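Participant: got a predicted structure here, sequence first:
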Amino acid sequence: MAENFDVIVIGGGPGGYVAAIRCAQLGLNTACIDDQSNKEGKPSLGGTCLNVGCIPSKALLDSSEQYHRLQHQFSAHGITAENVSMDVTKMQQRKAEIVSSLTGGIGVLFKANKVTSIYGRGRLMAENHVAVLDPESGELSQTISAPNIILATGSKPVELPSIPFDGEFIVDSTGALDFDRVPSRLGVIGAGVIGLELGSVWNRLGSEVVLLEAMDEFLAAADHQIARDAARQFKKQGLDIRLGAMVKKVSSTPNGLQLSYTQKGEEHSIEVDRVVVAVGRKPATEGLLAADCEVSLDNRGFIEVDDHCQTAETGVWAIGDAVRGPMLAHKSSEEGVAVAERIAGGFGHVDFNTVPWVIYTAPEIAWVGKTENELKADGIPVKTGVFPFAATGRAKAMEDTAGMVKVIAHAETDRVLGVHIIGPHVSELIAECVVAMSFHASSEDLARIVHAHPTLSEAVHEAALAVEKRAIHKFG
Ligand code: FAD
Ligand code: AMP
């Protein structure tokens, strides 16, 4: 007979493992099945985020940023260093240790919360049963059941049919996090969040980086004013971003790889040593559902859910990258908590209007809520306040003055509808704006809050004041 649990979670990423822990905290007997393993073939919890996503990318972004600053920015502080070098092997070891300590930590959290951790590939069967298959052989190892099942299988990189990954020279984001030396010339297909972050890492370490982006508009999801400033900053750093460039194929040459693309109807090509394909991610739902279960997928493979993450089958829920909405770790986790609370009979809620977005380049880019362009297209009357970091004492003291804060409020009610920031440490600054929007603050509320001096947060304060043209440290 199948072992029975109160809840089975399929997928141990930030959606699944957080859902499993919250279920256990609420007194539910919970199992979490995950198929991810590390290079040694050992199970490695934490999903894309901890193993090959958020965490390793931020580790490399930090290492490369320190290296770049030491070479190009420290001299302004009077600090000079000779013979600066980067040991890529050591940088990669540091990244691997961070990943292993965090993925191991999830196992410890599971034990502490009495979550049953199962290494295997889960497949949803009829009548609330789950088959657990061996990830390598695909053989059935056990069948378990539960009245509630949470599907949290995440996502995978999209592969371009004409440019298949070869694991060494043409790679996805996972491969680009693992280069053992700095490529002299790197081609990145797709100038989205992942392409920009990984392109920045290798650019700072010395690669000549060309990003080829099919769309004519740079960072189309961001506020236009912020995206324009970002494009200027990245160009200054030497990132060669070519827009409207549709990549068609990659071929081998005696000296590397030739990337062929069309731009404004003309054929172009560049020669590079390695290619990173960063054209987006797709839901990891292949083979997840047995033919006789009622859960449905949309035409792109996303699991169809309602606003409460409930699928078409009673007791089956789905969260995270495998369902609609932004592919962000914190969005997955919050959906996981909300579903756990609904299962336990409580109230679960995710405010999708206040999910923050962050791009961890330098300067960082972060936003919450709507862009000015979106609001104008919707016919919503707005007023905006913009304040540059260059006018704050703290940014000047840090020698890090690029960027600005832009607060957008409703022209009549003054309610904050969006905050868009580019600049230093803005991944942290955005939290205040998320809180403000979650509590339906007005720009005046933000303007009346005392902000410590000298801090970067004063730029948020001044931008809120600027909505009514009363910023203190700004003329005009
Ligand atoms: P995942 O993290 O993908 O986890 C799903 C897990 O389920 C995986 O372990 C998978 O192997 C397993 N699985 C799949 N199918 C099965 C099955 N049938 N049985 C058992 N197990 C299965 N997001 C941010 O918010 N901030 C960032 O800075 C950020 N940086 C990123 C950088 C990179 C390079 C990448 C690739 C992604 C980044 N993301 C970032 C996105 C983030 O990683 C995802 O949004 C997040 O991991 C989604 O969580 P999830 O739990 O839904 O899925
Ligand atoms: P994101 O969705 O943030 O991961 O970004 C992926 C980016 O890749 C998007 O901006 C796409 O427009 C871009 N893209 C997709 N296919 C191609 C292609 N063949 N050539 C160049 N860019 C592409």
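Facilitator: Perfect, thanks for sending it. Ligands and ions are numbered 1, 2, ... in the order given.
Participant: now residue 129: how far from residue 304?
Facilitator: 21 Å (C-beta to C-beta, to the nearest Å). For glycine as for every other residue, the C-beta is placed from the backbone atoms N, C-alpha and C.
Participant: those two: which is more packed in?
Facilitator: residue 129 (18 against 14; other C-beta atoms under 10 Å).
Participant: now whichever residue of the stretch 251-400 of the chain sits closest to ligand 1: phi and psi?
Facilitator: Using C-beta to the nearest ligand atom, the single residue of the stretch 251-400 of the chain nearest to ligand 1 is residue 320, 2.3 Å away. Note on residue 320: its backbone torsions stand at phi 80, psi -150 [degrees, to the nearest 10].
Participant: for residue 363, same thing?
Facilitator: phi -70, psi 160.
Participant: residue 24 reaches residue 30, doesn't it?
Facilitator: Yes. With contact defined as C-beta atoms under 8 Å, residue 24 reaches residue 30; the gap is 4.9 Å.
Participant: tell me, what's touching these two both at once?
Facilitator: residue 115 (C-beta atoms under 8 Å, 6 or more residues apart in numbering).
Participant: more neighbours, the two?
Facilitator: Set residue 24 next to residue 30 and count neighbours by other C-beta under 10 Å: residue 30 wins out with 29 against 23.
Participant: contacts only, for the more buried one.
Facilitator: 5-9, 20, 23-24, 115-116.
Participant: among those, name the ones in strands.
Facilitator: 7-9, 116 (DSSP state E).
Participant: reformat the residues you listed as a markdown table; add neighbour count, pLDDT and distance to ligand 2.
Facilitator: Output for the ones in strands among the contacts of residue 30, formatted as a markdown table (neighbours: other C-beta atoms under 10 Å; pLDDT from 0 to 100; distance: C-beta to the nearest ligand atom, whole Å):
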| residue | neighbour count | pLDDT | distance to ligand 2 |
| --- | --- | --- | --- |
| 7 | 27 | 98 | 31 |
| 8 | 31 | 99 | 30 |
| 9 | 34 | 99 | 26 |
| 116 | 17 | 98 | 34 |
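Participant: closest to ligand 1 out of these?
Facilitator: Of those, the one sitting nearest to ligand 1 (C-beta to the nearest ligand atom) turns out to be residue 9, at 9.3 Å.
Participant: gap between residue 141 and ligand 2?
Facilitator: 35 Å (C-beta to the nearest ligand atom, to the nearest Å).
Participant: next, that residue: phi, psi?
Facilitator: Torsion angles, degrees, to the nearest 10, at residue 141: phi -100, psi -30.
Participant: what's the neighbour count on residue 341?
Facilitator: 18.
Participant: wasn't it part of a helix?
Facilitator: Yes. Under DSSP: H, G, I helix; E, B strand; the rest coil, residue 341 falls within a helix.
Participant: can you tell me the closest non-neighbouring residue to it?
Facilitator: residue 348 (3.9 Å; C-beta to C-beta, 6 or more residues apart in numbering).
Participant: same check, this time on residue 202
Facilitator: In space, residue 202 is closest to residue 186, 5.2 Å off (C-beta to C-beta, 6+ apart).
Participant: cool, residue 400 as well?
Facilitator: residue 424 (4.2 Å).
Participant: now residue 157
Facilitator: residue 172 (3.8 Å).
Participant: the one you found touches residue 155, doesn't it?
Facilitator: No. The pair residue 172 and residue 155 does not pass the contact test of C-beta under 8 Å, sitting 11.6 Å apart.
Participant: could you check the pLDDT of residue 35?
Facilitator: Per-residue pLDDT puts residue 35 at 98.
Participant: ok, now the one 3 residues further on?
Facilitator: The predicted local distance difference test score for residue 38 is 96.
Participant: now do residue 363
Facilitator: Model confidence at residue 363 (pLDDT) stands at 98.
Participant: number of nearby residues for it?
Facilitator: By other C-beta under 10 Å, 23 other residues sit near residue 363.
Participant: need the contact list for it.
Facilitator: 230, 233, 400, 402-403, 422-424, 426.
Participant: try 7 Å
Facilitator: 233, 402-403, 422-424 (C-beta atoms under 7 Å, 6 or more residues apart in numbering).
Participant: and those as a markdown table, adding pLDDT, neighbour count and secondary structure?
Facilitator: Shown next, in a markdown table, are the contacts of residue 363 (pLDDT from 0 to 100; neighbours: other C-beta atoms under 10 Å; DSSP: H, G, I helix; E, B strand; the rest coil):
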| residue | pLDDT | neighbour count | secondary structure |
| --- | --- | --- | --- |
| 233 | 97 | 18 | helix |
| 402 | 98 | 18 | coil |
| 403 | 98 | 24 | coil |
| 422 | 98 | 27 | strand |
| 423 | 98 | 27 | strand |
| 424 | 98 | 23 | coil |
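Participant: which one of those residues is nearest to residue 412?
Facilitator: residue 422 (27.8 Å; C-beta to C-beta).
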